[in-house]
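K.L.:
With the input below, show me the fold.
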Amino acid sequence: MPKRKSVGSENLIGQNIVFLRKSKGLKQTDLLAQLQVRGIDINQSALSDIEGQNRKVSDRELLTIAEILGVPLDALFSAHED
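P.N.:
Modelled structure (predicted):
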């Protein structure tokens, strides 16, 4: 998948989710399936918008993403090297 040319400004965590997801060896579809199993009903387009920082993230989504990725909540806000 090509790297995004630009990112939005709707959230601060999108690029960190991408980094952490990939570091865990998860594809978007894997993360999406785990979100849906935990009651977060979003589609691939919405997840892509979150990762591209083009969609706001609810507190429930935020907590669930951190749980799935196995990181503390503040890790979603920390800078990561690509």
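
K.L.:
List the contacts of the nearest residue in space to Ser9 that is not next to it in sequence.
P.N.:
Of all residues not flanking Ser9 in the chain, Gln53 sits nearest, at 6.4 Å (CB to CB, 6 or more residues apart in numbering). C-beta here means a position set from N, CA and C on the backbone, and glycine is covered the same way. Contacts for Gln53 (CB atoms under 8 Å, 6 or more residues apart in numbering) come out as 7-12, 14-15.

K.L.:
ok, now with 7 Å
P.N.:
Residues near Gln53 by CB atoms under 7 Å, 6 or more residues apart in numbering: 7-11, 14-15.

K.L.:
Same check on Lys56?
P.N.:
Neighbouring residues of Lys56 by CB under 7 Å, 6+ apart: 10-11.

K.L.:
and it, what pLDDT?
P.N.:
Looking at Lys56, its pLDDT stands at 96.

K.L.:
One more: Lys3?
P.N.:
pLDDT, Lys3: 56.

K.L.:
With Val7 instead?
P.N.:
If you check Val7, the pLDDT there is 78.

K.L.:
what's the nearest residue to it if we skip its chain neighbours?
P.N.:
In space, Val7 is closest to Gln53, 4.3 Å off (CB to CB, 6+ apart).

K.L.:
where are the low-confidence patches of this protein?
P.N.:
1-6, 81-82 (pLDDT under 70).

K.L.:
what are the ranges of the strands in it?
P.N.:
Counting by DSSP state E, the chain has no strands to list.

K.L.:
So the most centrally placed residue in it versus Leu35, what's the distance?
P.N.:
Centroid check for the chain by CA atoms, centre = their mean gives Ile17 as the closest residue, at 3.7 Å. Distance of Ile17 to Leu35, computed by CB to CB, to the nearest Å: 11 Å.
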